[in-house]
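Student: Okay, predicted coordinates and the sequence, questions at the end:
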Amino acid sequence: MEEIVLELRGIGKYYLDGNNILWVFRDVNLKVKANEFVAIVAPSGSGKTTLLNIMATLDRPSEGKVFIDGIDISKIDDRELSYIRAKKIGFVFQQFNLIPELTALENVTLPFIFSGSRDIDYAIQLMKRIGLGERLNFYPSQLSGGQKQRVAIARALVNRPKILFADEPTGNLDPDSAKEVLRIFEELHKEGNTIILVTHDYDIARRAQRVYTIKNKTLVVKDDL
Amino acid sequence: MISKLILKFLLYNKIRTSLVVLSVFISSLFFISILGFGNAAKESIVNTLNRLSSDIILIIPLAIDNPLFLQRSLRTGLIGEAFRESDLKQISELPGVLGVYRTSGFDVTVSTRKEEFRLQVFAIEEEGVDLLFDTAELQEGRPILVSGNVFVGGGIADRYDMRVGDTIRINNRSFKIAGIFKKIGPNLFNIDNGIFLLNDDLVELADLDRNRVYSMVVKFDSSTDEETLRSRIHEILDRSRKIKDTDARDYSLLSGSAVSKQIGNLIDVLRYFFLVISGVSIFVSLINLTNNLYIFITEKYKQLATMKVLGGDSRFIYTMILGMSSAFIILGILPTILIVSTISLLNLPFILYATDIYISISLLILSILITSYFPSRAALSIQPAEALRYE
């Protein structure tokens, strides 16, 4: 039986506008197996980042349940949630969100503070793997956009997470850098990583095994790519 | 790694960090200086007073603690409220008392070669003159006081250019300066600013009643309990003057320890006043520090959110903010400790008691906790999804 690493059950999210409830989406159901590459493609403002944040435990749903590696995250406290973020989740942002005061290697090993790991060799191996073995001690300001995003990918992977979430990972990159980052994602998938990626770019979404979109305020399979 | 992160965050804006550290340094140095130098000043003055007149009680007809009697005494002069001969006799018979001597103070006009001024001269009967010489050393002259001679305090001698051998006139009677006391600071007889003569001379020149006891000096055995002796003297004088309520006493017992206690209290009041001012300066520097931590959180809002995404929990946030606050405070206090250590090595008048150190350390820990608590709460309230959504 294949391992389910992420499950969404009846997820909904709304915001209050005075007395009115504004639903972003509702009744979202999804199961992601280990080693799957799933993409959610939808135009800006459709709620895909909100959905990704809920999946990655960065936001709480208004209704429904999220299971990560079989754990119901609605039933755990902030401390356990931090543990899940540190151990089971990797997150790649559109804006990279590197710490400018830290070198590339220090940025990659930053999650060790939270996971308790000390595997510096693995961090260096990851840096070499993404082609930044020569720039370990460079600061983010000394790196190009593509290099920054590669550092961010290494940082997301350094604790060997169960799921790698990516929010528009090529959104801030030039075409060549975007290609390089996507190639890395594909390689990571081939190596057995589970990837969930949101994008507004259909060309990027096509690289995934399964593609979803948000239509009529719910998540549906996108099979017309 | 977390300490490295704290260090990098501290160094990312060096000028601001330096200014916060400087404010902590200045306020802590101010506080410790007032504490240390204040302690030393109090100890020095109290020790001097105790050393000079710890076995003497001066009984004066003036209730210095009672404004009503003080006003009356100032109007009538010290001689207005004399004691009885029998009082003197009874006090001299108390256990531990080595001698009781008549004294008086009187406002006179003093004329030197150059100037004329008013002053209250102090007189003591011949048998008790040694008390003066026990209290202060002579700068010039020999410790023998005879009729027609006076001794002059170092302060007044400097002020009016008086020298041994000079003749001065007191209420138009000539006296020869037989000696000048060394300056000794505050003391029971106010020696620095006094002119001293024999009681018989004063009685004559002021036309006082030779049989009255205007004031007394009691010399007691230093092994005698002063408090017990004071209460026995009070009993005698209260009975003699028909005083039932202690608040109605129209006389005072002054002693070295009482004066030192009063001066010690005065120094304490001054010291606490300055400590409050320095406490305010510490408070302001802590507000500055807290404000800087808030600015740090605002500036590093996205980075803190990123760290939460990476798994940073509340313990990490508390540790980081606590670490930054500690670093600011410790870096500010370190030079203060160095300066205080140097002062201690240089033998300057600077004393820190163990309680001062405990209080300072407790204040330090409290400051770190208070300054980091509210910024930590602000950092903890950061919602990653919200913080990372916008540029």
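Tutor: Nice, I can see it. Numbering: from 1, shown residues only, chains lettered A, B, ... in the order given.

Student: where do the helices sit along the chain?
Tutor: Using chain A. If DSSP state H is used as the criterion, the helices of chain A fall at A:48-55, A:78-88, A:104-109, A:112-115, A:120-129, A:145-157, A:175-190, A:202-205.

Student: sorry, should have said chain B
Tutor: Taking DSSP H as the test, the helices found in chain B are B:2-11, B:14-53, B:67-76, B:85-92, B:130-135, B:154-159, B:199-205, B:226-240, B:256-299, B:301-309, B:314-345, B:354-380, B:384-387.

Student: highest average neighbour count across the ones you listed?
Tutor: With neighbours defined as mean count of other Cβ atoms under 10 Å in any protein chain shown, those peak in mean count at helix B:301-309, which reaches a mean of 23. For every residue, glycine as well, the C-beta is placed using N, CA and C.

Student: How many neighbouring residues does residue B:346 have?
Tutor: 8 (other Cβ atoms under 10 Å in any protein chain shown).

Student: so how far is chain B from residue A:103?
Tutor: Residue A:103 sits 10 Å away from chain B, going by Cβ to the nearest Cβ, to the nearest Å.

Student: before we move on, the earlier item: could I get the helices of chain B as CSV with mean pLDDT and distance to residue B:185?
Tutor: Converted to CSV, the helices of chain B look like this (pLDDT from 0 to 100; distance: least, Cβ to Cβ, whole Å):
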stretch, mean pLDDT, distance to residue B:185
helix B:2-11, 89, 48
helix B:14-53, 84, 6
helix B:67-76, 51, 24
helix B:85-92, 92, 29
helix B:130-135, 83, 12
helix B:154-159, 90, 10
helix B:199-205, 90, 25
helix B:226-240, 92, 21
helix B:256-299, 84, 10
helix B:301-309, 92, 59
helix B:314-345, 91, 22
helix B:354-380, 89, 24
helix B:384-387, 86, 65
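
Student: hang on, the earlier thing: what would the helices of chain A look like in a markdown table with mean pLDDT?
Tutor: A markdown table is the format used below for these (pLDDT from 0 to 100):
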| stretch | mean pLDDT |
| --- | --- |
| helix A:48-55 | 93 |
| helix A:78-88 | 91 |
| helix A:104-109 | 95 |
| helix A:112-115 | 91 |
| helix A:120-129 | 92 |
| helix A:145-157 | 93 |
| helix A:175-190 | 89 |
| helix A:202-205 | 89 |
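
Student: Output the helices of chain B in TSV; the columns should cover distance to residue A:108.
Tutor: Converted to TSV, the helices of chain B look like this (distance: least, Cβ to Cβ, whole Å):
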stretch	distance to residue A:108
helix B:2-11	14
helix B:14-53	26
helix B:67-76	78
helix B:85-92	90
helix B:130-135	79
helix B:154-159	77
helix B:199-205	94
helix B:226-240	76
helix B:256-299	23
helix B:301-309	13
helix B:314-345	18
helix B:354-380	23
helix B:384-387	19
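
Student: Any residues of chain A in contact with chain B? List them.
Tutor: Residues of chain A lying near chain B by Cβ under 8 Å from any Cβ of the partner chain: A:49-50, A:53, A:56, A:58-59, A:78-79, A:82-83, A:85-87, A:91, A:93, A:95, A:97, A:99-102, A:106, A:109-115, A:155, A:159.

Student: Next, count neighbours for residue B:160.
Tutor: By other Cβ under 10 Å, 19 other residues sit near residue B:160.

Student: now swap in the one 10 residues further on and tell me
Tutor: Residue neighbour count, defined by other Cβ under 10 Å, stands at 21 for residue B:170.

Student: What of the one 3 residues further on?
Tutor: For residue B:173, the count of nearby residues is 12 (other Cβ under 10 Å).

Student: For it, name its beta-bridge partners.
Tutor: Assessed by DSSP bridges, residue B:173 has beta-bridge partners residue B:170.

Student: Tell me how far it lies from residue B:124.
Tutor: Residue B:173 sits 18 Å away from residue B:124, taking Cβ to Cβ, to the nearest Å as the criterion.

Student: cool, residue A:167 as well?
Tutor: From residue A:167 across to residue B:124, the span is 96 Å (Cβ to Cβ).

Student: picking that back up, quick one: closest of the helices of chain A to residue B:28.
Tutor: Relative to residue B:28, the nearest member of the helices of chain A by Cβ to Cβ is helix A:112-115, separated by 31.1 Å.

Student: by contact count, what packs against that closest one?
Tutor: On a contact count with 3 or more Cβ pairs under 8 Å, 6 or more residues apart in numbering or on different chains; DSSP states H and E, helix A:112-115 meets helix A:78-88.

Student: burial count for whatever residue of chain A ends up closest to chain B?
Tutor: Residue of chain A nearest chain B, by Cβ to the nearest Cβ: residue A:86 (2.5 Å). Look at residue A:86: counted by other Cβ under 10 Å, it has 23 neighbours.
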